[in-house]
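A.B. asks: With the sequence up front, the predicted model follows.
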Amino acid sequence: MGLRFLGINPDTPEGGSPTVWEDTETGDIVIQSYRADEATLADCRRTGEIPDHETVIRLPRVMVRFIPADERWDGVTDSQGA
């Protein structure tokens, strides 16, 4: 696996996070960001369980520009949202 750096939040002091990369083999997006707080987790759990091997993060809106558009996702309507 290799990661291609896509961007870091320009508003983050000392360049710590959030950061976005792309896995060069799979095209997956890898994100470093803030852990979601308990209120956010509770809202997420209303749609279903969060498996022990997964987590929920918060990505500042300004970071969306670093996530590449992918025409394969156009019109996706499954329950997973992707």
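C.D. replies: Cool, got the structure.

A.B. asks: And the helices in this structure, which stretches?
C.D. replies: 38-45 (DSSP state H).

A.B. asks: Report the contact partners of Pro10.
C.D. replies: By CB atoms under 8 Å, 6 or more residues apart in numbering, the residues touching Pro10 are Val62. All C-beta atoms are positioned from the backbone trio N, CA, C, and that covers glycine.

A.B. asks: Likewise for Asp23?
C.D. replies: Met1, Gly2, Leu3, Ile29, Val30.

A.B. asks: Next, count neighbours for the closest residue in space to the third one that isn't next to it in sequence.
C.D. replies: Setting aside the residues directly before and after it, Leu3 is nearest to Trp21 in space (CB to CB, 6 or more residues apart in numbering), at 4.1 Å. As a burial measure, Trp21 scores 18 neighbours (other CB atoms under 10 Å).

A.B. asks: What residues are bridge-paired with Trp21?
C.D. replies: With DSSP bridges applied, Trp21 shows beta-bridge pairing to Phe5, Val30.

A.B. asks: ok so, going back, just the buried ones from the contacts of Asp23?
C.D. replies: For the contacts of Asp23, a burial check counting by 16 or more other CB atoms under 10 Å picks out nothing.

A.B. asks: For Gly16, state which of those is nearest.
C.D. replies: Nearest to Gly16 out of those is Val30 (CB to CB; 16.0 Å).

A.B. asks: mind listing what the closest one touches?
C.D. replies: Residues near Val30 by CB under 8 Å, 6+ apart: Leu3, Val20, Trp21, Glu22, Asp23.

A.B. asks: separation between Val64 and Asp37?
C.D. replies: Distance of Val64 to Asp37, given as CB to CB, to the nearest Å: 20 Å.

A.B. asks: for Arg65, same thing?
C.D. replies: For Arg65, the distance to Asp37 - CB to CB - is 24 Å.

A.B. asks: can you check Arg58 too?
C.D. replies: Separation of Arg58 from Asp37 (CB to CB): 8 Å.

A.B. asks: Run a quick neighbour tally on Val56.
C.D. replies: 13.
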